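Peer 1: generate coordinates for the sequence data below:
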Amino acid sequence: MKSNKNNSDDRSIVADLALPEVHALVSKLHFSPNEGRIWLDESRCVLLQMETLKDIYKDLQAYSGPDYTREFLTRIGFTTGQRDAEMIIKKEGVSSIEKQIYAGGVLHALQGFLTSMKIGSSALNAADMKNTDYSAEAYWQNSIEAEIHLSKHGVSSHAVCWFSVAYCSGYLSACAGKPIVVEEIECQAMGHPHCRIQAKPAEMWALSQSEQSQITTHPIPDDDQGGELVIGSSAVFKVLRHKTACVAETDATVLLLGESGSGKSLIAREIHRLSNRADQAFVEVNCAAIPDQLIESELFGVERGAFTGATATREGRFEAAHQGTLFLDEIATLSMTAQSKLLRVLQNGELERLGSNRTIHTSVRLIAATNADLKKAVQDGHFREDLYYRLNVFPIQIPPLRERRDDISLITSVLIARFSKRHGRKLKGISSAAMQVLIHHDWPGNIRELENVIERAIIMAQDVDFLDTHHLTTIEGTLTTQDFLSLNQQGDLTLSSELIRNAAENANPKVLSLDEFAEQMVHQGSINLDQVQDAITRAAVKHSGGNISRAASLLGITRARLDYRVKKIT
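Peer 2: Residues are numbered from 1 along each chain as shown. Below is the predicted model:
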């Protein structure tokens with residue numbers, strides 16, 4: 001269908017921020033200047049000036065050529081569209097195809113790429129996408145890709161909105177559950193008044209093998225994250241995973257350093273899981289939880305009669321971990337005597353049970369952990385220097401959760417699934433506002449504190465689908481966060497604390513008096529007297545179940561007068 005500029009139905013599809021479905025998307029955009037982070041839902045973003053994008057597009061084409069540039073942008077655009085559709089469908093629970101497509105257009109506009117248009121009866125949801133003969137078209141304007149091309153190269157002989165077209169393909173494919181291919185038929189860069197796209201199932205297009213491979217629907221790959229909460233996608237986590245994988249395949253002694261609750265035990269288990277000793281025992285000992293007088297017998301074993309109360313011979317943790325891995329947490333709390341015996345085991349692989357002179361040989365991979373400053377402990381004479389260097393073969397610093405904010409959403413999803421199952425809840429997820437509170441909390445207790453907050457929230461969340469901000473509490477009370485900025489319904493940046501307060505007020509809205517309602521309507525300047533009367537008339541008729549006499553009685557007018565007004569409206 002060719003465009004018709006005189007068509008009275010031609011208009012931009014306005015993303016009204018007051019609409020709940022639109023505001024739900026807009027509320028996912030958050031700015032945190034103190035941290036230098038921008039978030040769209042749970043994904044970190046950056047703001048790029050168009051001049052920067054121009055340089056990127058220019059250099060891509062200059063160094064790689066237009067064919068590779070198009071292939072590259074198509075591949076990235078398709079995957080991005082898939083990911084955004086997954087967010088809309090799974091996390092927001094939008095089941096209607098019509099609403100899914102509308103939300104996709106709003107989201108792409110929110111990201112600054114283009115604006116969808118309504119021309120005549122054009123709509124991507126005008127037909128059933130699941131049908132094999134599905135065919136639909138749509139219109140765009142203000143395409144940033146077209147604007148970039150026009151400013152750099154002038155009018156083009158071909159369509160240039162490669163990323164946005166691929167984004168639309170990926171988004172529609174995810175919604176339909178099969179490959180949907182979008183082609184750009186008209187483009188503003190070619191001199192057309194707007195961009196026009198056409199969408200069809202892949203089999204209805206004559207695609208080359210290369211083009212087919214770029215739009216094949218497949219799940220977005222996840223990294224092998226290992227077990228439990230050893231998960232994340234942040235840069236610091238990737239470094240941690242790399243070090244863990246490198247040392248796991250060796251028998252080197254590992255020293256884990258990090259704050260309490262940061263996940264040292266999880267990393268120790270992950271090293272064991274990835275090692276050649278994975279099918280052998282993993283023995284964990286919290287040295288701080290064992291009294292000084294018992295720590296030696298716990299670690300190295302005891303012979304019967306070695307001390308009062310030793311009524312039986314018992315092997316220690318080193319023997320229990322033979323051929324496997326021994327994890328000593330809070331190692332800085334060991335007594336000097338226990339440190340001496342530990343040093344001997346590390347040097348020779350030999351130990352003696354308490355009360356015995358018999359030497360026992362063991363083969364144990366040792367992982368130690370502490371939240372203390374071992375160097376300072378050595379300087380203060382509380383920790384043996386020779387043992388410190390024996391343990392410090394391969395140190396790994398575990399970053400605190402506040403340095404892994406990009407991972408909080410992923411960890412939270414795992415925790416919600418775990419605790420929902422444990423406590424019999426059927427939660428679908430967590431609200432965007434609540435997630436932002438989690439992301440911006442400082443987490444002095446690290447992952448352990450996050451676990452407690454989520455479990456407590458799930459216990460409190462009865463008969464709801466999503467956790468919200470009022471479910472999130474610590475032992476001291478509500479979670480404390482630094483203020484971040486979000487968009488309000490007018491599209492202006494507002495402090496998060498104000499938005500959360502407004503959300504609470506909206507949850508319990510004030511009932512306006514008739515005078516207050518009238519004053520509000522007049523102040524908005526978007527309604528006239530006839531519209532008010534029509535709205536009240538419709539409400540009365542609806543409330544009366546279509547009974548005109550009853551509705552007239554409600555309004556205090558005659559049946560004939562109301563009947564006349566109803567006919568006038570209809």
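
Peer 1: now Asp386, nearest residue through space, not along the chain?
Peer 2: Leu343 (6.2 Å; C-beta to C-beta, 6 or more residues apart in numbering). From N, CA and C alone the C-beta is placed, and that goes for glycine too.

Peer 1: so where is the stretch 251-400 of the chain shaky, pLDDT-wise?
Peer 2: The model of the stretch 251-400 of the chain has pLDDT under 70 over residues 305-311.

Peer 1: ah, wrong one, I meant the stretch 51-200 of the chain
Peer 2: In the stretch 51-200 of the chain, residues with pLDDT under 70: 91-95, 118-122, 125-127.

Peer 1: which secondary structure elements does the helix ranked longest in the chain contact?
Peer 2: Under DSSP state H, the helix in the chain containing the largest number of residues is helix 50-86. Under the contact criterion of 3 or more C-beta pairs under 8 Å, 6 or more residues apart in numbering; DSSP states H and E, helix 50-86 touches helix 97-110, helix 144-153, helix 162-176, helix 209-214.

Peer 1: surely Leu374 touches Tyr388?
Peer 2: Yes - between Leu374 and Tyr388 there is a contact under C-beta atoms under 8 Å: 5.5 Å.

Peer 1: now the longest helix of the chain: buried residues?
Peer 2: Using 16 or more other C-beta atoms under 10 Å as the test for burial, helix 50-86 gives 54, 57, 60-61, 69-71, 73-75, 77-82, 84-85.

Peer 1: same check, this time on stretch 426-444
Peer 2: For stretch 426-444, burial by neighbour count (16+ other C-beta under 10 Å) applies to 427, 429-441, 443.

Peer 1: and stretch 283-294, how far from the chain's centre?
Peer 2: What separates the centre of stretch 283-294 from the centre of its chain is 38 Å, taken as C-alpha atoms, centre = their mean, to the nearest Å.

Peer 1: give me the contact list for it.
Peer 2: For stretch 283-294, contacts defined as C-beta atoms under 8 Å, 6 or more residues apart in numbering pick out 265, 268, 295, 298-299, 317, 320-321, 324-331, 333-335.

Peer 1: and Leu114, how many neighbours?
Peer 2: The burial count assigned to Leu114 is 25, neighbours taken as other C-beta atoms under 10 Å.

Peer 1: list the contacts of it.
Peer 2: Contacts of Leu114 (C-beta under 8 Å, 6+ apart): His108, Trp140, Gln141, Asn142, Ser143, Ile144, Cys161, Ser164, Cys195.

Peer 1: go on, Val566?
Peer 2: Thr537, Val541, Ile548.

Peer 1: measure it to Gln531 for me?
Peer 2: The gap separating Val566 from Gln531 is 15 Å, by C-beta to C-beta, to the nearest Å.

Peer 1: same check, this time on Glu303
Peer 2: 94 Å.

Peer 1: could you list the low-pLDDT ranges of the stretch 451-570 of the chain?
Peer 2: Along the stretch 451-570 of the chain, the model assigns pLDDT under 70 to residues 474-514, 516-517, 520-527.

Peer 1: strands of that one, residue ranges please.
Peer 2: Listed in chain order, the strands of the stretch 451-570 of the chain (DSSP state E, counting those that start in this stretch) span 466-467, 473-474, 477-478, 485-487, 493-495.

Peer 1: again with the stretch 251-400 of the chain
Peer 2: For the stretch 251-400 of the chain, applying DSSP E, counting those that start in this stretch gives strands covering 254-257, 282-286, 325-329, 350-352, 359-361, 365-370, 394-397.

Peer 1: would you say Gln198 is within a strand?
Peer 2: Yes - looking at Gln198 with DSSP: H, G, I helix; E, B strand; the rest coil, it is inside a strand.

Peer 1: so the residue nearest to it when sequence neighbours are not counted: helix, strand or coil?
Peer 2: Distances taken as C-beta to C-beta, 6+ apart place Glu137 nearest to Gln198, at 4.6 Å, with adjacent residues excluded. Following three-state DSSP, the label given to Glu137 is strand.

Peer 1: so Ile439 sits against Leu410, correct?
Peer 2: No - using C-beta under 8 Å, Ile439 makes no contact with Leu410, being 11.3 Å away.

Peer 1: got any residues that touch both of those two?
Peer 2: Taking C-beta under 8 Å, 6+ apart as the criterion, Ile439 and Leu410 both touch Glu42.

Peer 1: buried among the contacts of stretch 283-294? Need that as a selection in ChimeraX.
Peer 2: Entered in ChimeraX, the line below selects the buried ones among the contacts of stretch 283-294, by 16+ other C-beta under 10 Å:
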select :265,268,295,298,299,317,320,321,324,325,326,327,328,329,330,331,333,334
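
Peer 1: so which of the contacts of stretch 283-294 are in helices?
Peer 2: Among the contacts of stretch 283-294, DSSP H puts Ser265, Ala268, Ile295, Glu298, Leu299, Arg317, Ala320 in helices.

Peer 1: so which of those residues comes closest to Pro400?
Peer 2: Ser265 (15.1 Å; C-beta to C-beta).

Peer 1: list the contacts of the closest one.
Peer 2: By C-beta under 8 Å, 6+ apart, the contact list for Ser265 reads Glu284, Phe327, Asp329, Ala369.

Peer 1: what's the neighbour count on the nearest residue to Asp251 once chain neighbours are set aside?
Peer 2: The spatial neighbour of Asp251 that comes closest, neighbours along the chain excluded (C-beta to C-beta, 6+ apart), is Arg365 at 5.4 Å. Neighbour count for Arg365, taken as other C-beta under 10 Å: 23.
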